[in-house]
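Trainee: this is a predicted model, with the sequence first.
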Amino acid sequence: MSSPAQPLIITIDGPAGTGKSSVAHLLALRLGLEFLDTGAMYRAAALLAIEESIPIDEGESIAAALASTTLAFDWKSSPPRLLLGRRDVSALIRSSEVTEAVSPVSACAEVRREMVRRQREIAAAHPRLVTEGRDQGSEVFPDAPLHIYLEADARVRAQRRAAQLKSSGQAADEAGILRAIQHRDHVDSTRAVGPLRIPTGAVRVDTSHLDLEAVVSKLEQLARERLGSRLAAAASAPAHH
């Protein structure tokens, strides 16, 4: 029997609206790896706070609520569905209400500690990952062999978010979205725990003038150049479901 493949994690970090989730999902598919959407996990925490009427700055209470339920991905779906308890909350976490709440919720130290613990547990069970977020390369998986940092002009990110909302039938105030993005950039980069920063050794990619296909192709080429045979070995190993 062959030995299990060594863990192989590619981290993708960056501010809101740079397309991290879409890019990470498609990159994982191309490389034969699995996809961890940590932004969705923080959105689920925000949804839980809203539904249980917990103030969004009460991190200890939100972390306690998280500890009393399960948060898991259905890896048989593509992209993986997020289950809060037994409910599929994949669509609910994309609402405007959750979007407004997720930044202050994710700034709570207690919530971040709980999420980091769960993300490392997921990686132990699914060791072939493309993971996206704001602290994946700097805090959660600093020893990953490839760190990528996506960035884009704030106005471009606002345009993308507005188009995303409109495509799903939701109202979109682009000027308001831009203000929210700029505010979140400030909050994410200045919070005390797990601030958004460029991981040491990360490859920076500006997506302002690239479409999704171009970004994914650029990162696929980068991963194959940097990881070579390790990537091929990881991709050929059985999936962990």
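Mentor: It's in.
Trainee: list the contacts for the closest residue to residue 79 other than its chain neighbours?
Mentor: In space, and not counting its chain neighbours, residue 79 is closest to residue 25: 4.7 Å by CB to CB, 6 or more residues apart in numbering. Quick note: C-beta positions are derived from backbone N, CA and C, even for glycine. Residues near residue 25 by CB atoms under 8 Å, 6 or more residues apart in numbering: 35, 37, 78-79, 130.
Trainee: so which residues of the protein form strands?
Mentor: 8-13, 34-37, 71-74, 81-84, 87-88, 128-133, 146-151, 203-206 (DSSP state E).
Trainee: can you lay out the ones you listed as JSON lines showing mean pLDDT?
Mentor: Compiled in JSON lines, those are given as follows (pLDDT from 0 to 100):
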{"stretch": "strand 8-13", "mean pLDDT": "96"}
{"stretch": "strand 34-37", "mean pLDDT": "94"}
{"stretch": "strand 71-74", "mean pLDDT": "93"}
{"stretch": "strand 81-84", "mean pLDDT": "96"}
{"stretch": "strand 87-88", "mean pLDDT": "96"}
{"stretch": "strand 128-133", "mean pLDDT": "95"}
{"stretch": "strand 146-151", "mean pLDDT": "96"}
{"stretch": "strand 203-206", "mean pLDDT": "96"}
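Trainee: mean neighbour count and distance to residue 193 added to those strands, as TSV?
Mentor: TSV is the format used below for the strands of the chain (neighbours: other CB atoms under 10 Å; distance: least, CB to CB, whole Å):
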stretch	mean neighbour count	distance to residue 193
strand 8-13	26	15
strand 34-37	24	20
strand 71-74	17	19
strand 81-84	20	22
strand 87-88	12	28
strand 128-133	27	14
strand 146-151	22	19
strand 203-206	15	23
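Trainee: among those, which is nearest residue 101?
Mentor: strand 81-84 (14.6 Å; CB to CB).
Trainee: what sits up against that closest one?
Mentor: Under CB under 8 Å, 6+ apart, the answer for strand 81-84 is 37, 40-41, 44, 47-48, 69-74, 88-90, 93.
Trainee: out of these, which is nearest to residue 108?
Mentor: Residue 108 lies nearest to residue 48 out of these, by CB to CB, at 12.3 Å.
Trainee: that closest one: neighbouring residues, count only.
Mentor: Residue 48 has 23 neighbours, counted by other CB atoms under 10 Å.
Trainee: for the top helix by length along the chain, buried residues please.
Mentor: Ranked by residue count and defined by DSSP state H, the top helix of the chain is helix 212-236. By neighbour count on 16 or more other CB atoms under 10 Å, the buried set for helix 212-236 is 215-216, 218-219, 222-223, 227, 231, 233-234.
Trainee: spit out the contact partners of residue 63.
Mentor: Residues near residue 63 by CB under 8 Å, 6+ apart: 108, 110-111, 113-114.
Trainee: dump those residues to CSV, plus neighbour count, pLDDT and distance to residue 173.
Mentor: Listed next are the contacts of residue 63 as CSV, based on neighbours: other CB atoms under 10 Å; pLDDT from 0 to 100; distance: CB to CB, whole Å:
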residue, neighbour count, pLDDT, distance to residue 173
108, 24, 92, 27
110, 17, 95, 32
111, 29, 96, 28
113, 14, 93, 34
114, 20, 94, 33
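Trainee: quick check, nearest of those residues to residue 146?
Mentor: residue 113 (25.4 Å).
Trainee: how much space between the closest one and residue 63?
Mentor: Distance check for residue 113 against residue 63: by CB to CB, to the nearest Å, it reads 7 Å.
Trainee: likewise for residue 221?
Mentor: From residue 221 to residue 63 the distance is 40 Å (CB to CB).
Trainee: now residue 45
Mentor: 8 Å.
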